[in-house]
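> Quick one: sequence plus predicted model below, questions after.
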Amino acid sequence: MGRAKYHWVKQQSGEDCAAASLAIVCSHHGRPMRIDRIRQAVETGSGGATFASLRRGAEALGFLTKVLHAPREWLDSIDAQPMPAILYWKGYHLVVLYGCERAATQNGAGDVYVVSDPGMGVRRLSRAELEEGWHGGIVLILKPHPVRFYLQEPDTQRLGSAIWRHLNAERSALVAVSVLGVATGA
């Protein structure tokens, strides 16, 4: 089974959209990371994270970054841009732009832009909806560094494997309790 085409990480609070957005991008590039790890990297505080701290956190996790104040026409060349990218959304939020799913029409009517919103899930928006929400044309372009990003340990541990590892470490105690239970008829 292949990787998901579009990833989504739910923000855990109103302050977590930067960390969740970066977690989405990390997962897309094959390095899932815990949100608490990313929250620390982007310096999430009680008011969230700044775009500057998001950029620093992304660089600390091995991304090459570039912040653009892009005009709306930037969307015309979206297929040539590194994706996914993080957009400043509605003046208070961040979302991940995956790109454009092109319609089979010549004039682009019906094209939809795929956005992974940490607060709402994966959404498909018209160009008008995207332009309305994309505040000030601010975008963070992220490309994994060919070495530094892939040296990051992915956080792929699942709850089941963590429980199994803990139980395995306590194997002798579990055997003793089981034997005592059988011996006493419990």
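Noted; the coordinates are in hand. Since we're looking at a predicted model, the values are computed, not measured. Numbering: from 1, shown residues only.
> show me where the chain has strands.
63-69, 85-89, 93-101, 112-117, 121-125, 134-144 (DSSP state E).
> Rebuild these as TSV, extending it with mean neighbour count, mean pLDDT and distance to residue 34.
Any C-beta I mention is one placed from the backbone N, CA and C, and that applies to glycine too. As requested, the strands of the chain are exported to TSV (neighbours: other Cβ atoms under 10 Å; pLDDT from 0 to 100; distance: least, Cβ to Cβ, whole Å):
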stretch	mean neighbour count	mean pLDDT	distance to residue 34
strand 63-69	15	97	17
strand 85-89	23	97	18
strand 93-101	22	96	17
strand 112-117	21	97	18
strand 121-125	15	97	20
strand 134-144	18	95	18
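> could those strands go into CSV alongside distance to residue 11?
Output for those, formatted as CSV (distance: least, Cβ to Cβ, whole Å):
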stretch, distance to residue 11
strand 63-69, 19
strand 85-89, 12
strand 93-101, 9
strand 112-117, 9
strand 121-125, 11
strand 134-144, 17
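> so which of the ones you listed gets nearest residue 45?
Of all those, strand 93-101 sits nearest to residue 45, with 15.0 Å by Cβ to Cβ.
> how many other residues sit next to the residue nearest to residue 99 when sequence neighbours are not counted?
Leaving out its chain neighbours, the residue that sits closest to residue 99 by Cβ to Cβ, 6 or more residues apart in numbering is residue 83, at 4.6 Å. The tally of other residues near residue 83 (other Cβ atoms under 10 Å) stands at 18.
> next one: residue 25
26.
> returning to what we had before: of the strands of the chain, which is nearest residue 17?
Using Cβ to Cβ, these put strand 93-101 closest to residue 17, at 4.6 Å.
> I'd assumed residue 113 was in contact with the residue nearest to residue 99.
No. Between residue 83 and residue 113 there is no contact under Cβ atoms under 8 Å: 10.6 Å.
> Report the set of residues contacting both of those two.
Common contacts of residue 83 and residue 113 (Cβ atoms under 8 Å, 6 or more residues apart in numbering): 97, 99.
> Least confident secondary structure element in the chain?
Within the chain, confidence by mean pLDDT, DSSP states H and E is lowest for helix 159-169 among all helices and strands, at a mean of 48.
> How is the protein partitioned into domains?
The record's domain parsing of the chain by automatic domain parsing lists 17-155, 158-186.
> Go through those and pick out the most buried.
domain 17-155 (a mean of 17; mean count of other Cβ atoms under 10 Å).
> Show the end-to-end separation of that domain, please.
The stretch domain 17-155 measures 19 Å between its terminal residues, going by Cα to Cα, to the nearest Å.
> what distance separates that domain from the middle of the whole chain?
Offset of domain 17-155 from its chain centre (Cα atoms, centre = their mean, to the nearest Å): 8 Å.
> what ranges of the chain fall below the confidence cut-off?
Along the chain, the model assigns pLDDT under 70 to residues 1-4, 104-109, 156-186.
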